[in-house]
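Trainee: okay, here's the prediction I keep looking at, along with the sequence it came from:
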Amino acid sequence: MQPVVYLDTHIVCWLYEGLVEKFSRTETEAIDAGLLLVSPIVVLELQYLHEVGKILHGPDGILPTLVTDIGLQVSTTVFARIADRACSLSWTRDPFDRLIVAEVLLLPQAQLITRDRLIREYCSQVVR
């Protein structure tokens, strides 16, 4: 069975841009071997980043490319479960980070690829 690997928003951007040199060996191995998922909140964050001019392409450009290139999928986890779990994550005020981590924590065997320092400090399921 493939391991479940969630990708943080900036990781999705790096993959879309082909910046594979930014990944560690263990991150690359997890990407190659895993069932790659993003939380729906990543879709929203990509749209937000596009609207404020931080990235050139929004989710409508990025996600179809990554679906084709690496088999990326958007998770279908029930949002009420994610939001409920996110309420306990008081170590961050970033709602995107809270929801991304909360979804990963709902699946104890899932992993998360991120370079976010705070997430790496508080989430034990980060690929190191």
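Mentor: Looks like it came in fine.
Trainee: from Asp60, how far off is Asp94?
Mentor: Separation of Asp94 from Asp60 (C-beta to C-beta, to the nearest Å) stands at 24 Å. Heads up, the C-betas are built off the backbone N, CA and C, glycines and all.
Trainee: just want to know which of these two has more residues nearby.
Mentor: Taking other C-beta atoms under 10 Å, Asp94 and Asp60 do not tie; Asp94 has more neighbours (14 against 11).
Trainee: what mean pLDDT does stretch 77-93 get?
Mentor: Confidence for stretch 77-93, expressed as mean pLDDT, is 97.
Trainee: so how far is stretch 18-25 from its chain's centroid?
Mentor: In this view, stretch 18-25 has its centroid 15 Å away from the chain centroid, taken as C-alpha atoms, centre = their mean, to the nearest Å.
Trainee: now the strands for this protein?
Mentor: Taking DSSP state E as the criterion, the chain contains strands spanning 4-7, 35-38, 73-74, 111-113.
Trainee: and the ones you listed as TSV, adding distance to Ala80?
Mentor: As requested, those are exported to TSV (distance: least, C-beta to C-beta, whole Å):
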stretch	distance to Ala80
strand 4-7	19
strand 35-38	18
strand 73-74	17
strand 111-113	21
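Trainee: can you put the ones you listed in a markdown table and add distance to Ala86 and mean pLDDT?
Mentor: Conversion of the strands of the chain to a markdown table gives the following (distance: least, C-beta to C-beta, whole Å; pLDDT from 0 to 100):
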| stretch | distance to Ala86 | mean pLDDT |
| --- | --- | --- |
| strand 4-7 | 14 | 98 |
| strand 35-38 | 16 | 98 |
| strand 73-74 | 18 | 98 |
| strand 111-113 | 14 | 98 |
